[in-house]
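S.K.: Got a predicted model here, sequence first, then my questions.
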Amino acid sequence: MPIAGALFAGVVAAIFGAWAWLGAAVEMPRSPFGPGEKLTCISYAPFRGTQSPFDPDIPLDPRQIEEDLAQLKPLTDCVRTYSIDHGLDQIPEIARRHGMKVLQGLWLSSLPEASRKQIDTTVALANRFPDVIEAVVVGSEVLLRGEMSAPDLARTIREVKAKVPTPVTYADVWEFWLRYRELAAAVDFVTIHILPYWEDFPIPVGAAAAHVEAIRKQVAAAFPDKEVLIGEFGWPSAGRMREGALPSPANQARALHEAVALAKRERYRLNVIEAYDQPWKRQLEGAVGGHWGLFDAYAREAKFAWGATVSNHPHWRWQAAGGAALAAVVFAAAWFASRRSAAPPAASLWALVAANAFVGGTLIGWTVENVPIESLTVGDWVRSLAWTAVAALSPLAGAAARTAGATIPSFAGVLGRRAQRPHDWLTLAVGLLLVALTVLAVQAALGLVFDPRYRDFPFAPLTAAAFSFLLLLRAPPRRRDLRPAAETVAAGVLALAAIYIACNETFANWQAVWFCGGLFVLAVTLLPARDAPG
């Protein structure tokens with residue numbers, strides 16, 4: 001036991017060391033704001049928690065908007081809106097009370113009646129609040145969505161322009177402005193969206209600001225007689241990587257610091273997307289869609305302070321403490337299981353237990369952190385909690401099985417008739433956990449092969465669980481004439497999926513590469529032949 005105690009102390013120190021590194025504060029550039037300076041404008045939607053624009057068109061409580069604009073006033077004197085539904089037509093009146101301006105949006109779609117309501121209401125607002133509404137944005141990305149033709153859009157823009165006293169524009173991704181250049185004649189200024197994360201070839205955060213400037217210059221050259229407003233620029237604070245573009249709190253802060261500072265130097269207007277996280281966007285864009293806000297959706301707390309350091313894991317001490325607790329349970333499970341053996345575990349065996357405890361203890365905190373980020377629907381929550389359970393229980397079962405001398409049973413033996421199942425509860429538990437892990441891994445892998453754009457990479461729970469089973473592989477004699485079909489098929493699917501995912505996501509995406517490594521580890525674990533039941 002002295003060796004086990006020393007190894008346990010080392011594991012705890014290593015877990016805290018790993019989390020101290022993960023949670024270390026990241027230095028930011030100097031704040032781009034001088035005394036009295038603010039953001040030019042910021043996209044704003046008042047939806048909170050489970051509220052969604054997909055709900056019936058019932059006006060939101062105006063007190064929500066009052067609270068939000070009061071919070072945003074020290075940051076900006078302007079908000080950009082996208083629609084007039086759900087009580088968003090209340091924003092100009094409330095903005096006036098707070099001394100703020102509005103870039104008033106109206107939502108165009110393929111539904112003529114809905115679009116007509118948006119147009120008529122927005123025209124009325126622009127005439128009622130000419131001192132508040134700085135410009136009207138006639139539609140957002142309707143060409144990108146393919147819901148309106150360019151000639152119809154141009155006619156709509158001219159109709160609105162003839163009825164309002166304010167400048168009129170249209171907003172879309174920059175490529176569509178270059179594709180439909182004839183629209184420039186209908187607007188007073190050009191509004192482009194540049195989101196480096198969502199580019200067809202994603203831009204890493206270090207190049208995001210320079211990318212915005214390069215695109216702005218390209219569009220400005222195409223429309224030399226028009227002002228070019230950056231209508232959307234932002235960076236997500238959480239979600240899946242796209243090639244080298246990593247969502248994180250530190251990357252979000254860095255991207256905004258650098259882009260705002262560059263816009264200030266070059267003297268052009270830049271609207272940041274967005275004020276508050278919008279959880280409902282996860283229905284459309286996966287986890288990353290709900291994490292573009294400068295403030296979180298629930299507590300309405302700022303994610304970073306301008307010019308201050310930012311941690312990607314601000315609660316890392318609690319995550320490390322939870323990992324240390326799991327490591328303690330892993331060592332305890334190994335010790336209790338070792339009492340089934342005649343001889344005490346060798347030092348090398350305790351070293352394997354320590355490795356198991358370190359990997360599981362370090363990654364369980366990351367796994368738990370991602371559960372609310374990646375879960376929206378009931379199905380999402382069930383899947384995330386299943387991953388968490390497998391990530392937490394596999395190190396325990398693996399450590400106990402290793403010191404007790406238990407082996408990995410075949411799927412057929414675990415899932416077959418009662419008389420054929422392992423009589424040892426520990427062997428049965430190991431088998432059931434491996435079945436559960438394989439099902440989760442195959443589901444995740446196939447999803448990332450056939451529908452990858454908005455899916456996350458469960459690299460942390462996969463690694464914690466797969467590593468535990470890898471340590472159970474050993475060299476006792478086995479039946480080489482048997483190759484269980486279920487394990488073989490699953491291993492083949494995981495290996496082929498890993499190759500495809502790594503190539504599709506590119507090796508710049510470390511989340512994908514890590515996940516694919518976990519798939520290969522699990523495939524290796526599944527391949528060795530096992531005795532058939534009976």
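M.R.: Looks like it arrived, so ask away. For clarity, every value in this text was computed on a predicted model and none was experimentally measured.

S.K.: List the contacts of the residue sitting nearest the centre point of the chain.
M.R.: Centroid-nearest residue in the chain: Gly239, 1.1 Å away (criterion: Cα atoms, centre = their mean). By Cβ atoms under 8 Å, 6 or more residues apart in numbering, the contact list for Gly239 reads 247, 286-289, 291, 373, 456. The C-beta positions use only the backbone N, C-alpha and C, and glycine is treated the same way.

S.K.: go on, Asp172?
M.R.: By Cβ under 8 Å, 6+ apart, the contact list for Asp172 reads 140-144, 191-193.

S.K.: how about a cut-off of 6 Å?
M.R.: Going by Cβ atoms under 6 Å, 6 or more residues apart in numbering, Asp172 touches 141, 143-144.

S.K.: Check Val132 too.
M.R.: Applying Cβ under 6 Å, 6+ apart to Val132 gives the contacts 92, 95-96, 102.

S.K.: gap between it and Ile194?
M.R.: The gap separating Val132 from Ile194 is 27 Å, by Cβ to Cβ, to the nearest Å.

S.K.: List the buried residues in the lowest-mean-pLDDT helix or strand in the chain.
M.R.: The helix or strand of the chain with the lowest confidence, counting by mean pLDDT, DSSP states H and E, is helix 411-415 at a mean of 83. Buried residues in helix 411-415, counted by 16 or more other Cβ atoms under 10 Å: 411-414.

S.K.: What of stretch 287-299?
M.R.: In stretch 287-299, counting by 16+ other Cβ under 10 Å, buried: 287-297.

S.K.: out of those residues, which one sits closest to Pro32?
M.R.: Leu294 (13.6 Å; Cβ to Cβ).

S.K.: picking up where we left off before, using CSV, lay out the buried residues of helix 411-415 together with distance to Ile230.
M.R.: Output for the buried residues of helix 411-415, formatted as CSV (distance: Cβ to Cβ, whole Å):
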residue, distance to Ile230
Phe411, 55
Ala412, 60
Gly413, 61
Val414, 57
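
S.K.: from those, which is closest to Pro452?
M.R.: Out of these, the member with the shortest distance to Pro452 (by Cβ to Cβ) is Phe411, at 27.2 Å.

S.K.: these two touch, right, the closest one and Val489?
M.R.: No: with contact defined as Cβ atoms under 6 Å, Phe411 does not reach Val489; the gap is 10.2 Å.

S.K.: Name the single longest strand found in the chain.
M.R.: When the chain is parsed with DSSP state E, its longest strand is strand 133-140.

S.K.: Quick one: list the elements packing against it.
M.R.: The helices and strands touching strand 133-140, judged by 3 or more Cβ pairs under 6 Å, 6 or more residues apart in numbering; DSSP states H and E, are strand 101-106, strand 168-173.

S.K.: Could I get the CA-only coordinates of stretch 97-115 as PDB?
M.R.: What follows is stretch 97-115, C-alpha atoms only, in PDB (Å, rounded to 0.1, in the frame of the first residue of the first chain):
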ATOM      1  CA  ARG A  97     -35.400  56.400 -22.900                       C
ATOM      2  CA  HIS A  98     -31.800  55.100 -22.600                       C
ATOM      3  CA  GLY A  99     -30.400  57.600 -25.100                       C
ATOM      4  CA  MET A 100     -29.600  54.800 -27.600                       C
ATOM      5  CA  LYS A 101     -29.900  54.400 -31.400                       C
ATOM      6  CA  VAL A 102     -31.200  51.400 -33.300                       C
ATOM      7  CA  LEU A 103     -30.300  49.800 -36.600                       C
ATOM      8  CA  GLN A 104     -33.800  48.600 -37.100                       C
ATOM      9  CA  GLY A 105     -34.100  45.200 -38.900                       C
ATOM     10  CA  LEU A 106     -37.100  43.700 -40.700                       C
ATOM     11  CA  TRP A 107     -37.100  40.000 -41.400                       C
ATOM     12  CA  LEU A 108     -37.700  38.900 -45.000                       C
ATOM     13  CA  SER A 109     -38.500  35.300 -45.800                       C
ATOM     14  CA  SER A 110     -40.300  33.200 -48.400                       C
ATOM     15  CA  LEU A 111     -43.600  33.900 -46.700                       C
ATOM     16  CA  PRO A 112     -45.200  37.000 -48.300                       C
ATOM     17  CA  GLU A 113     -47.700  37.800 -45.600                       C
ATOM     18  CA  ALA A 114     -45.100  37.600 -42.800                       C
ATOM     19  CA  SER A 115     -42.700  39.800 -44.800                       C
END
